[in-house]
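> got a predicted structure here, sequence first:
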Amino acid sequence: MNYTKQIQEIATRLFSENKIDVFVGYRKNTYGDNQVPVLINSAEEVSKLMMDEKSSFNLTNYLKYEHTRNKRVGLIVKGCDSRALNLLITENQVKRENLYIIGICCEGVVDEKGEIAGNCTECVMPNAVVYDELLGSPQPVREYKPNAEVIELAAKSLEERAATFEEIFSNCIRCNACRHSCPMCYCAKCCIDQETSALFNGANTLPNATHALLTWSLHLAGRCVDCRNCEKACPMHLPLHLLHKQNEMVIYENFQQHLSGIEEKDPGAFYKYSLNDPDDFIM
Amino acid sequence: MSEIKEQLVSAEKPAITAPEGWEPVIIGILCNWCSYAGSDLTGTSRLQYPPNIRIIRVPCSSRVDPWFIIKSLQTVADGVLISGCHPGDCHYIAGNYYARRRFLVTKKLLNFVGYHENRIQFSWVSAAEGPKFAKVVEKVTADIKKLGPLHQYKKEDIR
Amino acid sequence: MSYQIYQTDKAGLAQFYENIIGKNETYAPVLNFEKYEYKKVSKLADCNPESPIVLTMSMKPLFFPKNSAILKYKESSEGTEIIPDAEDDLAKKRVVLGVKHCDARALQVLDKVYQWDYHDEDYRKRRENTLIISTRCEKAGAHCFCTSLDYDVENSDAYDVMVVKAADGNYYLQAHTDKGDAFLKENTGKLAANDGIEKIKEQYTAFAASFALKMNYEEVSKRLNEQFDSSEFENATSNCISCNTCSFICPTCHCFKISDEKIKDKGIRYKAYDSCNSPYFTLMAGGHNPRPVKYRRWRQRAMHKFVYYKERFDVNLCVGCGKCAISCPVNIHIFDVVNQVANKA
């Protein structure tokens, strides 16, 4: 998967026709083999741009910063990224008319070891769902299946699960990189970020980390698009996808097979309700 | 639907040996218009219910953010009860419809990370259901007594 | 001063480590969620003193843990009573194996600030009671630049004992401090052949040649100082997402925040990591925030690492380990940032 040439051509054209103020893409890093998200402001920098199977970061995250606010933005989105973009447009965080979206039919991204990323092997929507221009040939859409690791954990006993998650949460260092790298976490005053608040205390104890991570995943429930920005950002390599995939599974199975961001103007699962939602767990 | 049942059912683990005379602390978050009024009716009707519950009043069950539940369980609570209006009767029209979606996902997630399903319970209690509220509190208290004190993810040092 | 060199082979080294673990409280790199962290070990099989540099976290948590309770108190009608501190598990006599040179140097650099205007007793005790056995890297990581900075990686006395794997497959151990020398004398018997020093030098030459990233530290530091108002800071850091990761992972970052937790009558005061990259780092009571703009926070961080600390303490705060770059979600490297700004003359 390599769209470097096309991306460079499109970006050059957009700048020369004065259609955008800033272009958000990927560039090569000076060391190692990985890629760095880059924001370029003029056609002179277009030669830095590249895009291939190592371009894993979800660039819609940059729509929450002052660099792109109220500006005309050119953006590259893969399947999962475009779902996040759909949600951001639905939630009024970004104006569609300010964006020039280059959609990619993604064949999957690879991690540092060169293996295909976990979420790509079960991706339900590899093709961009919102775009001004689409690159690549549409990839096969998969049917939703619950994540295998979540099913495996759910089958274990309560004590085993408690032990597993205690180990995971006790490794959290409350850096909040997960929330900063998540495109759907755009709250100006994020509750788990409020380090000095008594509510979400900044101290790094196990209960605080648990509180922060569980609240964060529940605030994202129905809005998470499984781009794994959070997991890749986590310096302690915590398997955060377990929490999000668990929520996604419950939502899919109980709320009319909802999957976030696939339809235009379709908000997250918690913004809607049905008169037939299950409530036999309520006395 | 069968998948929910498989997930929620987990072996009832024997209670951690509770100290002599231990009484559970249950935080009850009740919606102002139905459940809180219902609990008030229980009181004025002179119906007895276990005193373990500490009631917090919220305007609507949809005010309940999942972190209320988690924070309660981490500090003083051994169990949490959330109660709202019956579906269709919400004072704010649809608050409880949104809330019950959130409740299901929260309950499942907390069970997934190691809280026993009976630690977090929900009910619909209307303003006229004084006796029902007493029964609900009795059931929750009995369930938590069987489970014993909560030790997971507790701010232990502070208790 | 040149200390005695000892020679051994792979089996001998394993025995050396086993002996240490048997006699001392030992920390070594342990695999945890696909990365190596320094944890207490009870047997050699549990750890890897030759852990790959890319995946190895720093030793900082052993001296400045991510969370510590610095004060516990209880209120009553008679007033507030301070509960006496529990014993500090990190202040016991201990040995750390498999330390990278950059991590060891990081502690030496941190010593300056911890013994400056306020003498941090907790840190001092932990440092005093720790012996550092450093395994020299065989080759540099793609992100490393320790040899470009202001310390002598080859002969540094930041680590007490050095373990070098030479080209012939043998291991050479040498002390770099008196403490290390005394330790080695007690813990190993087999002495080296005379060419030990040559083998070590050979290994270092190969190692030093393996660096992809090199910079002229003096020039960059001087230029950075002159370029404070450069707009290049903004260009170089526009893709930063202010996530705090770099500061938390960095072995020399030492900022912290204090949080109080109180329930009813008992309270604990915690000290946890903080990061100057956070938008709230400079937020004050009353709501004023002098550094709300991202590139200014980055500028402060880069200047602190390469200019201010050097000015005050005569050692560079950044030790060139590159851990910030590895853990950064968007792969920003401080090496790139400072060079980009310095080179925009």
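Yep, that arrived. In this text the structure is predicted, and so the values were computed from the model without any measurement.

> wait, what's in contact with the closest residue in space to B:Gly114 that isn't next to it in sequence?
Residue nearest to B:Gly114 in three dimensions, not counting chain neighbours: A:Ala162, with 2.8 Å by CB to CB, 6 or more residues apart in numbering or on different chains. (Each C-beta comes from the backbone N, C-alpha and C, glycine too.) By CB atoms under 8 Å, 6 or more residues apart in numbering or on different chains, the contact list for A:Ala162 reads B:Val113, B:Gly114, B:Tyr115, B:Gln152.

> apply 10 Å and report the result again.
By CB atoms under 10 Å, 6 or more residues apart in numbering or on different chains, the contact list for A:Ala162 reads A:Lys156, B:Lys13, B:Val113, B:Gly114, B:Tyr115, B:His116, B:His151, B:Gln152, B:Tyr153.

> so which helix or strand takes in it?
Element membership of A:Ala162 [criterion: DSSP states H and E] is helix A:158-170.

> buried ones in that helix?
Neighbour-count burial for helix A:158-170 flags A:Leu158, A:Arg161, A:Ala162, A:Thr164, A:Phe165, A:Glu166, A:Ile168, A:Phe169 (criterion: 16 or more other CB atoms under 10 Å in any protein chain shown).

> which is the next helix or strand following it?
Later in the chain than helix A:158-170, the nearest helix or strand by DSSP H and E is helix A:177-181.

> picking up where we left off before, switch the buried residues of helix A:158-170 over to a markdown table; also include pLDDT.
Shown next, in a markdown table, are the buried residues of helix A:158-170 (pLDDT from 0 to 100):
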| residue | pLDDT |
| --- | --- |
| A:Leu158 | 93 |
| A:Arg161 | 94 |
| A:Ala162 | 93 |
| A:Thr164 | 94 |
| A:Phe165 | 95 |
| A:Glu166 | 93 |
| A:Ile168 | 95 |
| A:Phe169 | 94 |
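
> low-scoring stretches of the stretch 51-200 of chain C, by residue?
C:189-195 (pLDDT under 70).

> if we can go back for a sec, from the contacts of A:Ala162, pick the one nearest chain C.
Nearest to chain C, judged by CB to the nearest CB, of these is B:Tyr153 at 14.0 Å.

> how about the secondary structure of that closest one?
Here B:Tyr153 is coil, with the state taken from DSSP: H, G, I helix; E, B strand; the rest coil.

> so it touches B:Ser72, yeah?
No. Contact criterion CB atoms under 10 Å: B:Tyr153 and B:Ser72 do not qualify, at 11.7 Å.

> could you tell me which residues touch both of these two?
With CB under 10 Å, 6+ apart as the test, B:Tyr153 and B:Ser72 reach no residue in common.

> starting at the chain centroid, how far to the helix holding A:Ala162?
From the chain centre to the centre of helix A:158-170 is a distance of 25 Å (CA atoms, centre = their mean, to the nearest Å).

> with just CA atoms, put it into CSV.
Taking Å, rounded to 0.1, in the frame of the first residue of the first chain, the C-alpha atoms of helix A:158-170 are listed here in CSV:
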residue,chain,number,x,y,z
LEU,A,158,-14.1,-13.3,38.0
GLU,A,159,-11.0,-13.7,40.2
GLU,A,160,-8.8,-14.3,37.1
ARG,A,161,-10.2,-11.3,35.4
ALA,A,162,-9.8,-9.2,38.5
ALA,A,163,-6.2,-10.3,38.7
THR,A,164,-5.5,-9.6,35.0
PHE,A,165,-6.9,-6.1,35.1
GLU,A,166,-5.3,-5.3,38.5
GLU,A,167,-2.0,-6.0,36.8
ILE,A,168,-2.9,-3.9,33.8
PHE,A,169,-4.2,-0.9,35.8
SER,A,170,-1.3,-0.9,38.2
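
> distance between the host helix or strand of A:Tyr252 and the chain's centre?
Under the criterion of DSSP H and E, A:Tyr252 resides in helix A:241-254. Helix A:241-254 sits 15 Å away from the centroid of its parent chain (CA atoms, centre = their mean).

> that helix and chain C, any residue contact?
No. Counting by CB under 10 Å from any CB of the partner chain, chain C is not contacted by helix A:241-254; separation bottoms out at 12.3 Å.

> now that helix: mean pLDDT?
The average pLDDT for helix A:241-254 rounds to 95.

> give me phi/psi at residue 127?
In the absence of a named chain, chain A is used. Backbone geometry at A:Asn127, expressed as degrees, to the nearest 10, gives phi -100, psi 140.

> surely it meets A:Asp81?
No. Here A:Asn127 does not reach A:Asp81: they are 11.4 Å apart, not a contact under CB under 10 Å.

> Three-state assignment for C:Lys185, please.
helix.

> so who does it touch?
Applying CB under 10 Å, 6+ apart, the residues near C:Lys185 are C:Tyr3, C:Gln4, C:Tyr6, C:Ala175.

> pLDDT score assigned to the second one?
It stands for C:Gln4. Model confidence at C:Gln4, given as pLDDT, is 84.

> so what's the residue count around it?
When counting by other CB atoms under 10 Å in any protein chain shown, one arrives at 14 neighbours for C:Gln4.

> quickly list what's touching both of A:Asn127 and A:Asp81.
Common neighbours of A:Asn127 and A:Asp81 (CB under 10 Å, 6+ apart) are A:Gly103, A:Ile104, A:Cys106.

> ranges for the strands of chain C?
With strands called from DSSP state E, chain C shows them at C:5-8, C:25-32, C:35-41, C:67-76, C:79-83, C:94-99, C:130-135, C:161-165, C:171-175, C:256-263, C:266-273.

> pull out the buried members of the contacts of C:Lys185.
Among the contacts of C:Lys185, the ones that count as buried by 16+ other CB under 10 Å are C:Tyr3, C:Tyr6, C:Ala175.

> mind checking how far the residue nearest to the second one when sequence neighbours are not counted is from B:Ser62?
Ranked by CB to CB, 6+ apart and with sequence neighbours excluded, the top spatial neighbour of C:Tyr6 is C:Leu173, at 4.5 Å. Plainly put, C:Leu173 is 66 Å away from B:Ser62 if you go by CB to CB, to the nearest Å.

> does chain C sit close to stretch A:73-93?
No. Under the criterion of CB under 10 Å from any CB, chain C is not reached by stretch A:73-93; the shortest gap measures 12.9 Å.

> residues of that stretch that come out buried?
A:73-90, A:93.

> do stretch C:71-84 and chain A meet?
No. Shown here: stretch C:71-84 not in contact with chain A (CB under 10 Å from any CB), separated by at least 12.1 Å.

> returning to what we had before: any chance of the strands of chain C in a markdown table, plus distance to C:Ser148?
Output for the strands of chain C, formatted as a markdown table (distance: least, CB to CB, whole Å):
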| stretch | distance to C:Ser148 |
| --- | --- |
| strand C:5-8 | 27 |
| strand C:25-32 | 25 |
| strand C:35-41 | 24 |
| strand C:67-76 | 34 |
| strand C:79-83 | 47 |
| strand C:94-99 | 20 |
| strand C:130-135 | 19 |
| strand C:161-165 | 20 |
| strand C:171-175 | 24 |
| strand C:256-263 | 29 |
| strand C:266-273 | 27 |
